[in-house]
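> quick check, what structure comes out for this input:
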Amino acid sequence: MIRELVSDLRTNSALQYTEDVTWTQPVGLLSAEAESLAAPKRDMGFELRTQQSFQQYLRERHSEATVLSRSYLNALSLRHAIPPWPSPGIQELAFPCIILEAKCDSQPLLYAENQAAGGTATCLKMIERLEEVYFNTNGQRFSPLSVLAICSEGPTFAILIAFQGDISDASIAQNIHLVTIWKGDVTDHWNLFLLLLLSKRASSWVEERFRSSVVAMLEGLRKVV
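Here you go, the predicted model:
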């Protein structure tokens with residue numbers, strides 16, 4: 001049922017999704033250099049679709065083709081320590097933006113939310129490194145990007161947004177916020193409609209905001225690759 005509820009995300013041509021894949025990228029909670037304490041397996045992750053080659057992109061007529069080619073992303077990773085993929089061995093996807101953690105009725109929703117907290121922190125650290133290198137290269141900052149998490153406990157779903165907090169606020173651990181923006185039981189028809197609507201809007205957000213910002217920053221780093 002869960003796969004059907006996020007069909008707008010699964011069929012978005014800008015995204016590639018994985019199921020039950022272990023994230024092994026060494027991006028921890030403390031810094032871009034920190035090793036994670038464990039290699040968590042995500043129930044489902046949605047990342048930007050990459051391409052094998054520039055020629056393949058030309059066939060599909062994407063103007064921003066080269067910056068999402070695997071050769072370009074590999075070059076950025078090697079020269080500037082920008083980690084584009086959650087697992088180095090899976091280069092069909094880059095810069096995860098939405099994760100899904102599902103639990104059965106017997107497990108509290110908090111379990112899924114705790115896993116989502118770790119996953120979204122990793123996503124944000126990957127984006128933070130890209131933003132940092134872009135700023136050091138161009139002297140300009142993009143508006144900070146957020147990432148999303150979808151958590152479930154049986155028929156109860158919650159959608160959360162994760163974002164970097166004010167770095168001047170030392171009281172916030174790791175300066176990462178994870179805020180619930182919607183929660184509901186999808187056995188209720190209205191809640192089911194809202195979940196489908198939010199999934200559709202999340203799909204549009206990926207294309208209109210997240211992907212376009214990532215592509216623009218990648219374009220701005222051409223001169224240092």
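> list the buried ones in the strand or helix carrying T137?
In the assignment (DSSP states H and E), T137 maps to helix 109-138. Neighbour-count burial for helix 109-138, counted by 16 or more other CB atoms under 10 Å, picks out 109, 112-113, 115-131, 133-134. The way it works is simple: take the backbone N, C-alpha and C, and place the C-beta from them, glycine included.
> ok, then the element right after it?
With secondary structure assigned by DSSP H and E, helix 109-138 is succeeded by strand 147-153.
> quick one: the helices in this protein, in order.
For the chain, the helices defined by DSSP state H cover 2-5, 7-10, 54-60, 70-80, 109-138, 189-205, 212-220.
> any low-confidence regions in this structure?
Within the chain, the ranges that satisfy pLDDT under 70 run 26-40, 52-65, 166-174.
> quick check, central residue of it?
Geometric centre of the chain, nearest residue: C97, 1.8 Å, by CA atoms, centre = their mean.
> OK, contacts around L9?
L9 makes contacts with L15, Y17, F46, I98, S199, A202, S203, V206, as judged by CB atoms under 8 Å, 6 or more residues apart in numbering.
> my bad, should have said V214
With CB under 8 Å, 6+ apart, V214 has these contacts: L48, F95, I127, L130, L145.
> next, find the distance separating it from S71.
According to CB to CB, to the nearest Å, V214 stands 17 Å off from S71.
> quick check: nearest residue in space to S7, chain neighbours excluded?
In this structure, S7 finds its nearest non-sequential neighbour in S199, 7.6 Å apart by CB to CB, 6 or more residues apart in numbering.
> the one you found contacts V6, correct?
Yes - with contact defined as CB atoms under 8 Å, S199 counts as touching V6 (5.3 Å).
> shared neighbours, these two?
With CB under 8 Å, 6+ apart as the test, S199 and V6 both reach I150.
> the two: which has the busier surroundings?
Neighbours were counted for S199 and for V6 using other CB atoms under 10 Å; V6 has more, 23 against 20.
> surely the more buried one meets M44?
Yes - look at V6 against M44 with CB under 8 Å: they come within range, at 7.4 Å.
> which residues are in contact with both of those two?
Common neighbours of V6 and M44 (criterion: CB under 8 Å, 6+ apart): L100.
> how about the backbone phi and psi for F142?
phi -80, psi 160 (degrees, to the nearest 10).
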